[in-house]
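S.K.: Curious how this folds, go ahead:
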Amino acid sequence: RLVGSEMCIRDRYQRRVRESKSKYHLFSFYLDNMAAIQKQQRIGAQWFAKWFYGMDGFPVRDHALELIKAVFIVAGGDGSISETERNFFLGYLDAVGLPDDLHEFFKTYPGNERLEDILANSQSIKDDSAKRSILYTAILVAGSDGYAQGEHDQVVKFGAILGLSAEDVAQVEALAEAEKKQGEERRRILFRGNNPWANTQ
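M.R.: A predicted model of the protein is given here:
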């Protein structure tokens, strides 16, 4: 049951849904109020952030839209953004509370802009943890259908624009690769090549 300030935030959010002509502005509004909105939302979103990252909130609020676009551009480094990559990114952010109104953006954004243009103001992002987190996300999304050389090149470029060192980028790439292998090992040990709950179609 909603009370006081939560009802006010909900009403403001719903009004912006009706009135806003730009989903991008709506996303910024949503991020500003995410903590209060999530009090009444998915327990799973809170669990995901806490279990995997030890976080109690969304890691990147400033320039969030630019960074989301940048992840798509990295994923398109092999020539296209695949449906697998889109679905992975959509599911990944939906797990931490992406509003339904942005689902269409994730399905249709072409990723045809330049990283330099998208991230022109990224120097104002001072938190290196946030930078590494969004770079890690880009690597996961790009690698969800195989990590191509062109995607790696875009990751390196992305990291440089954010002001991360080459060592930082290499460590985050190595982390993503290690986790991929750990997932494969988990499935091998638990299911021995026969996962009864997997969709085989």
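
S.K.: Could you use CA atoms for every contact and neighbour count after this?
M.R.: Fine.

S.K.: Enumerate every residue touching residue 164.
M.R.: Contacts for residue 164 (Cα atoms under 8 Å, 6 or more residues apart in numbering) come out as 128, 131, 132.

S.K.: Pick the one among those closest to residue 162.
M.R.: Using Cα to Cα, residue 131 comes nearest to residue 162 of the contacts of residue 164, at 6.6 Å.

S.K.: ok, and the closest non-adjacent residue to that closest one?
M.R.: Nearest residue to residue 131, sequence neighbours excluded (Cα to Cα, 6 or more residues apart in numbering): residue 162, at 6.6 Å.

S.K.: so what's the backbone phi/psi at residue 147?
M.R.: Main-chain torsions, residue 147, degrees, to the nearest 10: phi -100, psi 100.

S.K.: List the first helix or strand encountered after the lowest-mean-pLDDT helix or strand in the chain toward the C-terminus.
M.R.: Ranked by mean pLDDT, DSSP states H and E, the weakest helix or strand in the chain is helix 34-38, scoring a mean of 48. Going down the chain from helix 34-38, the next helix or strand is helix 43-53, by DSSP states H and E.

S.K.: Can you dump the C-alpha atoms of that next one in PDB for me?
M.R.: C-alpha atoms of helix 43-53 as PDB (Å, rounded to 0.1, in the frame of the first residue of the first chain):
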ATOM      1  CA  ILE A  43      12.100  -7.400  -4.700                       C
ATOM      2  CA  GLY A  44      14.000  -9.300  -7.400                       C
ATOM      3  CA  ALA A  45      15.600  -6.000  -8.600                       C
ATOM      4  CA  GLN A  46      16.900  -5.200  -5.100                       C
ATOM      5  CA  TRP A  47      18.100  -8.800  -4.700                       C
ATOM      6  CA  PHE A  48      20.000  -8.800  -8.000                       C
ATOM      7  CA  ALA A  49      21.800  -5.500  -7.300                       C
ATOM      8  CA  LYS A  50      22.700  -6.600  -3.800                       C
ATOM      9  CA  TRP A  51      23.700 -10.200  -4.500                       C
ATOM     10  CA  PHE A  52      25.800  -9.600  -7.600                       C
ATOM     11  CA  TYR A  53      27.300  -6.100  -6.900                       C
END
